[in-house]
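Enquirer: output the structure for:
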Amino acid sequence: MPIEPMNVLVIMSDQHTRRMSGCYGHPQVKTPNLDRLAESGVRFDYGYCNNPICVPSRANFLTGRYVHETGNWDNGHPYIGHEAASWGHRLGNAGHQVTSIGKLHYRDNADDNGLADSRVSLNVLDGKGDIFGCMRWRPMPLDFMVKNVLEASAGECPYTRFDTAVGDEAVSWLNKEALAEEKPWALFTSFAYPHFPFIVPEEFKSMYPNESVPLPHQWERSNWPDHPFWDDVREWRYALGDAPVDEGVVRNAISAYFGMISFMDHQVGRVLEALKESGQAGNTRIIYTSDHGEMLGSYGLWGKSCMYDDSVGVPFIVAGPDIPAGRVSDQNVSIVDCFPSVLDCVGVPLEEEDADLPGTSLWPIATGESKPDRIAFSEYHALFSTVGNYMVKDDRYKLIYYAGNRYPPNLFDLQEDPSELVDLGQDPACADTVARLEAELRKVCDPEAVNEQAFAAQRAMVERHGGDQGLLNQGLEINFSPAPGFM
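Expert: Just a heads-up that it's a prediction; the model follows:
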């Protein structure tokens, strides 16, 4: 049944691993503001991004569509606005104020992407993003991630200054401009943390002494999972070589990341307090999520770009005056659910061309009115992947499928093995489960055809920028998008 139209505040972080929050049961990570939000609303224990890397995931978020529909394959194919309508287009056309503050990772604010009022923005570098990352057919060692791990420290950096400015602007907007709006408004507040570099102010890093933080799952080389996909790409991803990534280095990076989460939580708290102090909490629903997670050393991996839950799983919390408090949902939800949820919240109906959107509104799921009993889906076609990776998860099992069966599938029983330590993909007793989940995948897309489409688009993009050798001549420095004006 229809819900009462009201404002919607969407808060997104970058690279926040789902389980690394107090409200998700982590014994150390301090997230008091997210914890209070979860206590006042609904926490989804099985939230997923639909593509575990920044640019594609944020296209999923704004359009409510998968990247095999929109063509935003990787960090070199940012959303422009013409690929599919955004929820910003829908709300703006209906006369609602739509304001974004913070990280976007789209092409350019001048594009018609539906976010006409964008402030303190961070988009892809030079309007192009990471073109080198399109060159997936030519694996070569890269050291940018291990460099971030080795250089983890306490201090300020452009992202700390950027996120503080994002918080300042969001607080100001809520206390001033939002109050003048006659129709329900939408505010998208987007922080860059806890995305690397692993640098955070001392007051937050010191909350987590190095010797106190837990070590990752199977972080030592001798315990890395034995699977041919990782045999092919692991050294390409992180070029560990003889780098001294020992226990002390790992603990120091984890300490920094935990501090980064608490720093981000502090900024979220500032925004939530402004909402309350401005008197708008009683007519505003809230969504908190992240664009993807962070492996943080588990299985010998750092960053995202894979289908383990620490990469593809994201926190999802919703709250509002009509949302039950302190509830936990085991329903699968994902980033594409944000499009219909935003429209549903402010009272703007879906248009005819939205009828085939893969997502659904979160609000009736949160209240218990709806139990869609659906799979979660994610795909990956970007850097460090020699072939398209796909994930489908039902109420218990998660399948990771590699296009064309180039590599054996992975299967994890998340009920019995939430840490994904036991791969059942080659277990004869699980063959029916693998077949069933592959059939679910093929209901969403043809993974082989999509894989070909992605490579064709990427080869064309590389050719437009000088071909393989032309890109190699430009150098291989890949790290993170700078925050203009905060360097």
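
Enquirer: separation between the residue lying closest to Leu150 once chain neighbours are set aside and Pro209?
Expert: Nearest residue to Leu150 in three dimensions, chain neighbours excluded: Val249, at 6.2 Å (CB to CB, 6 or more residues apart in numbering). (Each C-beta comes from the backbone N, C-alpha and C, glycine too.) Val249 is 15 Å from Pro209, where distance means CB to CB, to the nearest Å.

Enquirer: out of the two, which sits in the busier spot?
Expert: Per other CB atoms under 10 Å, whichever of Val249 and Pro209 has more neighbours is Val249, with 18 against 10.

Enquirer: got a list of what the more buried one touches?
Expert: Each residue near Val249 by CB atoms under 8 Å, 6 or more residues apart in numbering is listed here: 149-150, 152.

Enquirer: so of the residues you listed, which ones are in strands?
Expert: Using DSSP state E to define strands, no part of those is located there.

Enquirer: in CSV: these, plus distance to Pro139 and pLDDT.
Expert: Converted to CSV, the contacts of Val249 look like this (distance: CB to CB, whole Å; pLDDT from 0 to 100):
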residue, distance to Pro139, pLDDT
Val149, 20, 91
Leu150, 22, 91
Ala152, 26, 96
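
Enquirer: show me what contacts Pro358?
Expert: 64-66, 336, 377, 444.

Enquirer: which among these end up buried?
Expert: Among these, the ones that count as buried by 16 or more other CB atoms under 10 Å are 64-66, 336, 377, 444.

Enquirer: secondary structure, distance to Trp230 and pLDDT added to the residues you listed, as TSV?
Expert: Below are the buried ones among the contacts of Pro358 laid out as TSV (DSSP: H, G, I helix; E, B strand; the rest coil; distance: CB to CB, whole Å; pLDDT from 0 to 100):
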residue	secondary structure	distance to Trp230	pLDDT
Gly64	coil	32	98
Arg65	coil	30	98
Tyr66	coil	25	98
Val336	helix	28	98
Phe377	strand	22	98
Val444	helix	25	98
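
Enquirer: which of the residues you listed lies closest to Pro78?
Expert: Arg65 (14.9 Å; CB to CB).

Enquirer: tally of neighbours for the nearest residue to Val8 once chain neighbours are set aside?
Expert: Using CB to CB, 6+ apart and skipping the chain neighbours, the partner closest in space to Val8 is Cys345 (4.1 Å). Neighbourhood size, Cys345 [other CB under 10 Å]: 28.

Enquirer: just Phe486 next, same as before
Expert: 18.

Enquirer: with Gly269 instead?
Expert: The burial count for Gly269: 17, using other CB under 10 Å.

Enquirer: list the contacts for it?
Expert: Gly269 makes contacts with 32-33, as judged by CB under 8 Å, 6+ apart.

Enquirer: i'd like the first residue to be 25 from this point on
Expert: Okay, residue one is now 25; in that scheme the one you just asked about reads as Gly293.

Enquirer: confirm it sits in a helix?
Expert: Yes - read with DSSP: H, G, I helix; E, B strand; the rest coil, Gly293 is one of the residues of a helix.

Enquirer: so how far is Glu244 from it?
Expert: The spacing between Gly293 and Glu244, counted by CB to CB, is 36 Å.

Enquirer: same thing with Gly303?
Expert: For Gly303 relative to Glu244 (CB to CB), the value is 53 Å.

Enquirer: settle it for me: which of these two has more neighbours?
Expert: Neighbours per residue (other CB under 10 Å) separate Gly303 from Glu244, with Glu244 holding more: 14 against 11.

Enquirer: excluding sequence neighbours, find me the nearest residue to the more buried one.
Expert: Gly324 (7.8 Å).

Enquirer: what number of residues lie near Asn117?
Expert: Neighbourhood size, Asn117 [other CB under 10 Å]: 12.

Enquirer: which one of the contacts of Pro382 is nearest Leu374?
Expert: Among those, and counting by CB to CB, the member closest to Leu374 is Gly88, at 9.4 Å.

Enquirer: nearest spatial neighbour of the closest one, chain-adjacent residues omitted?
Expert: Phe363 (2.6 Å).

Enquirer: next: Gly157.
Expert: Leu407 (3.7 Å).

Enquirer: what of Glu235?
Expert: Nearest residue to Glu235, sequence neighbours excluded (CB to CB, 6+ apart): Arg275, at 6.8 Å.

Enquirer: follow-up on the earlier one: right, and the residue nearest to Glu244 touches Gln242 too?
Expert: Yes - contact criterion CB atoms under 8 Å: Gly324 and Gln242 qualify, at 7.1 Å.

Enquirer: okay, these two: which has more neighbours?
Expert: The neighbour comparison of Gly324 against Gln242 (other CB under 10 Å) goes to Gly324, with 22 against 18.

Enquirer: any idea how far the residue nearest to Val32 is from Ser230?
Expert: Counting by CB to CB - Cys369 and Ser230 are separated by 39 Å.

Enquirer: sorry, back to before: could you dump the buried ones among the contacts of Pro382 to CSV with distance to Asp315?
Expert: Listed next are these as CSV, based on distance: CB to CB, whole Å:
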residue, distance to Asp315
Gly88, 15
Arg89, 15
Tyr90, 15
Val360, 12
Phe401, 16
Val468, 20
